[in-house]
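Colleague: Got a predicted model here, sequence first, then my questions.
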Amino acid sequence: QRVRFNTVGVAQLSLPIYDGGLNKKKKTEAAASYRAAQAKTQDTQEQIRADVRQAANNMEFSQARYRNAQQQIAQASDALNRAQGRYRYGVGQNLDVLDAETQLSQARLARAQAMYNYTLGQYQLRRATGEQIWQ
């Protein structure tokens, strides 16, 4: 009588036949999240482009205003000199001199505002392009 040894192996395979649509739902959600992220990225890129264009336009407009203000200052200075000369010789009135001084001051203020707006445009452009402004 011989003793015989037998070996038995057990393997279990679990394969769900129906998962209630869980995998399909996860795939759909992942695809929707991906599309939303792409849309947000595209929106951000468009906003950056718009900010850069706006800052560049502001700088260009400010340069034009600065040149215009320079011309106004020259004209107002000339008008003030003429008004002072007429007043000095008794031909003009003091009000003419005051008006000319006011026009000159307004032209200088317009130039200062244009310089400020140009500088502001430079900082807006730097910010829009991601350049570090403050260190």
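Modeller: Good, I have the coordinates.

Colleague: Please name the residues that touch the residue most central in space within the chain.
Modeller: The chain has Asp51 as the residue nearest its centroid, 2.9 Å off, counting by Cα atoms, centre = their mean. Counting by Cβ atoms under 8 Å, 6 or more residues apart in numbering, Asp51 touches Gln124, Arg127, Ala128. Quick note: C-beta positions are derived from backbone N, CA and C, even for glycine.

Colleague: Relative to the whole chain's centre, how far out is the host helix or strand of it?
Modeller: Assigning secondary structure by DSSP states H and E places Asp51 in helix 22-88. Its chain's C-alpha centre and that of helix 22-88 lie 6 Å apart, by Cα atoms, centre = their mean, to the nearest Å.

Colleague: again with stretch 114-133
Modeller: With Cα atoms, centre = their mean, you get 9 Å for stretch 114-133.

Colleague: Same check on stretch 106-123?
Modeller: With Cα atoms, centre = their mean, you get 18 Å for stretch 106-123.

Colleague: if we can go back for a sec, so for the helix holding Asp51, what's the average pLDDT?
Modeller: Averaged across helix 22-88, pLDDT comes to 94.

Colleague: What is the helix or strand that it is followed by packed up against?
Modeller: Later in the chain than helix 22-88, the nearest helix or strand by DSSP H and E is helix 94-128. Other helices and strands packing on helix 94-128, by 3 or more Cβ pairs under 8 Å, 6 or more residues apart in numbering; DSSP states H and E, are helix 22-88.

Colleague: number of nearby residues for Asp99?
Modeller: 14 (other Cβ atoms under 10 Å).

Colleague: go on, Ala100?
Modeller: 22.

Colleague: what's near enough to touch it?
Modeller: So Ala100 contacts Ala76, Ala79, Leu80, Arg82, Ala83, Gln84 (Cβ under 8 Å, 6+ apart).
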